[in-house]
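Colleague: show me the folded form of this:
(one chain, ligands or ions: 1)
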Amino acid sequence: MSDLVSELRPVDDGDVLFEIDGLTKYFRSESGLLASLRGGDDVEAVDDVSFDIRAGETLALVGESGCGKSTLARTVLQLLRPTAGSVRYRGVELTEHSDAALRPLRRNMQMIFQDPQASLDPRMKVGQIVEEPMRAHDLPADEARPDGASKRAARRERAMSLLETVGLKREYYNRYPHEFSGGQRQRLNLARALSTNPDFVLCDEPVSALDVSVQAQVLNTMDELQEEFGLTYLFISHDLSVVRYVADRVAVMYLGHVVELGETQAVFDDPRHPYTKALLDAIPVPDPRRSTDRTPIDGDVPSPIDPPSGCRFRTRCPKLIDPGAVSFDERNLDDSVADYRLDTYDLDEIEWADTRGFVRAVDRRSFALPESADASACRAAVESMFFDGSIPDGEAGSAIDDAIDRLVADEWESAATLLRNTFSEQSICAAVEPTPAPADASGHRVGCHLFREE
Ligand SMILES: Nc1ncnc2c1ncn2[C@@H]1O[C@H](COP(=O)(O)OP(=O)(O)OP(=O)(O)O)[C@@H](O)[C@H]1O
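Modeller: Predicted coordinates:
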């Protein structure tokens, strides 16, 4: 059974600890009526994700709520079994083995969670809590025990020493969790996680529930522990200021995909994916001089049951690519969708930016036509709002013209569909799923057609 342990490859700092390839996790959607209405489609929580986690690093996973961060992390650890893909831990393929076979490896992989209270059994004393993983894995091993010490005494000594290591006191051994503050409880969780001497700790929003003043102290302790014990952290957080502070590398997730990955400084200083840019722009900045080029993210995250074709971010993307910028063949035009099958998209850059803004605004109904104005006044209002007074010429202009007619006739849905089908759906962003561009020398890579290889 413990054969797998003997197969583990030794790793040094910087070596690959986890190798994740094509990892996919779908959930069956709700049972019953809803499922039958939707044809029982799957929730595509994580879809074809590949990356490495390196020994000794802190890799942060960021993204909006529901984008699949926790599912990805749990699937890496095989707490959820993947729908497809591979996870190699120190050379061992985890997905091929049963839970029972993986059990001896689990002492190497521990977790701490957002709510330090919820993970501590209020009826157990601190000592029992910290020793619990050691008991589960029958640790310390005989050879790790001082001469003559019973296993029980050795556990007790290790628990007390770990309490000190995480910044608590040995005397707390006999206390109960409710006697501690939030920050102290998270330290208890750290002591428990470390008790089996792991090399990897999944930290799922570990400081989000703590006061800001306490967050930095706990993060500093985590940093010291990482150094002292050679730990690798996968750090899930929605708080980008915390991520900037703790992470060596950042993976940005959107709707089940990792859209950008790179060293923290590179991602923060030179974000490439429009989603990463929007996320960073959403961080409140105290310095108003830095807020010039902000593109706050708007619209809702689409459902992971029916994610958009092509790039999953394209329905909210401020940088949707002009259909005319890409050849017909590459765009893979879908005639069944097109309202207008345009032979050429003859828009210049400014006209495309105007058109894109118009398509998005109609889609979201984010403007109103002047009340009690006649048709030509309504038309003029739209043209001045979006096209600086005159709509583009050519085939694209005819489609826009038609859409404005529909708006004037108060047919918003029909105008939105026409614009989507004529422009958004004909972009390469809708037709083709972006494959991650090759990483640059620092390992920075991004999955966006703006960075596709020609
Ligand atoms: N057991 C499940 N059954 C069905 N759908 C699930 C299940 N667990 C998660 N999901 C769905 O999978 C998607 C990803 O969820 P996940 O919790 O991984 O996201 P997250 O980024 O960690 O979000 P948060 O930051 O809110 O924790 C969501 O749409 C969620 O509703």
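Colleague: let me know the pLDDT of the residue of the stretch 201-350 of the chain found nearest the ligand.
Modeller: For the stretch 201-350 of the chain and the ligand, the shortest gap (C-beta to the nearest ligand atom) falls at residue 304, measuring 4.5 Å. (Glycine included, C-beta is placed from N, CA and C.) pLDDT, residue 304: 93.
Colleague: now do the one 10 residues further on
Modeller: Here the pLDDT value assigned to residue 314 is 94.
Colleague: what about it, which SS state?
Modeller: coil (DSSP: H, G, I helix; E, B strand; the rest coil).
Colleague: need the contact list for the residue nearest to it when sequence neighbours are not counted.
Modeller: Distance criterion C-beta to C-beta, 6 or more residues apart in numbering; nearest residue to residue 314, sequence neighbours excluded, is residue 429 at 3.9 Å. By C-beta atoms under 8 Å, 6 or more residues apart in numbering, residue 429 lies in contact with 310, 311, 314, 317, 320, 321, 449.
Colleague: go on, residue 315?
Modeller: 299, 302, 308, 424.
Colleague: from those residues, which has minimum pLDDT?
Modeller: residue 299 (76).
Colleague: number of residues surrounding the nearest residue to it once chain neighbours are set aside?
Modeller: Among residues not flanking residue 299 along the chain, residue 316 sits closest, at 4.3 Å (C-beta to C-beta, 6+ apart). Using other C-beta atoms under 10 Å, residue 316 is surrounded by 21 other residues.
Colleague: could you do residue 269 as well?
Modeller: Count around residue 269 with other C-beta under 10 Å applied: 10.
Colleague: so how far is residue 311 from it?
Modeller: Applying C-beta to C-beta, to the nearest Å, the value for residue 269 to residue 311 is 23 Å.
Colleague: over to residue 49?
Modeller: In terms of C-beta to C-beta, residue 49 sits 15 Å off from residue 311.
Colleague: quick one: which of these two has more around it?
Modeller: residue 311 (30 against 23).
Colleague: so what's that one up against?
Modeller: With contact set as C-beta under 8 Å, 6+ apart, residue 311 has these partners: 317, 429, 430, 433, 434, 447, 448, 449.
Colleague: what two of those are the furthest from one another?
Modeller: 430 and 447 (15.0 Å; C-beta to C-beta).
Colleague: show me what from the stretch 101-250 of the chain comes close to the ligand.
Modeller: residue 238 (C-beta under 6 Å from any ligand atom).
Colleague: all helices of the stretch 101-250 of the chain, in order?
Modeller: Secondary structure of the stretch 101-250 of the chain, counting by DSSP state H, counting those that start in this stretch: helices at 126-136, 151-165, 182-194, 212-229, 240-246.
Colleague: residue 20 should be in a helix, yeah?
Modeller: No: secondary structure assignment places residue 20 outside any helix; it is strand (three-state DSSP).
Colleague: I figured it hits residue 49, correct?
Modeller: Yes: taking C-beta atoms under 8 Å as the definition, residue 20 is a contact partner of residue 49 at 6.5 Å.
Colleague: within the helices and strands, which one has the residue nearest to residue 314?
Modeller: Per DSSP states H and E: residue 429 is located in helix 428-431.
Colleague: would you tell me what the next helix or strand after that helix is?
Modeller: strand 445-446.
Colleague: quick one: contacts of that following strand?
Modeller: By C-beta under 8 Å, 6+ apart, strand 445-446 touches 259, 260, 261, 262, 272, 273, 276, 436, 437, 438, 439.
Colleague: can we see that at 6 Å?
Modeller: When contacts are defined by C-beta atoms under 6 Å, 6 or more residues apart in numbering, strand 445-446 is touched by residues 260, 261, 272, 273, 436, 437, 439.
Colleague: what ranges does the protein have for its strands?
Modeller: Taking DSSP state E, the strands of the chain run over residues 16-28, 42-54, 58-62, 84-89, 92-93, 109-112, 200-204, 232-236, 249-254, 257-263, 445-446.
Colleague: tabulate the ones you listed (a markdown table), appending mean pLDDT and distance to residue 410.
Modeller: Listed next are those as a markdown table, based on pLDDT from 0 to 100; distance: least, C-beta to C-beta, whole Å:
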| stretch | mean pLDDT | distance to residue 410 |
| --- | --- | --- |
| strand 16-28 | 96 | 40 |
| strand 42-54 | 95 | 36 |
| strand 58-62 | 97 | 42 |
| strand 84-89 | 98 | 47 |
| strand 92-93 | 97 | 59 |
| strand 109-112 | 94 | 54 |
| strand 200-204 | 97 | 48 |
| strand 232-236 | 98 | 46 |
| strand 249-254 | 97 | 34 |
| strand 257-263 | 97 | 38 |
| strand 445-446 | 94 | 41 |
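Colleague: nearest to residue 140, out of the ones you listed?
Modeller: Short answer: strand 109-112, nearest of the strands of the chain by C-beta to C-beta, at 15.8 Å.
Colleague: within its sheet, name the partner strands of that closest one and how each one runs.
Modeller: Strand 109-112 has these partner strands in its sheet, going by DSSP bridges: strand 200-204 (parallel).
Colleague: list the buried residues in the partner strand.
Modeller: For strand 200-204, burial by neighbour count (16 or more other C-beta atoms under 10 Å) applies to 200, 201, 202, 203, 204.
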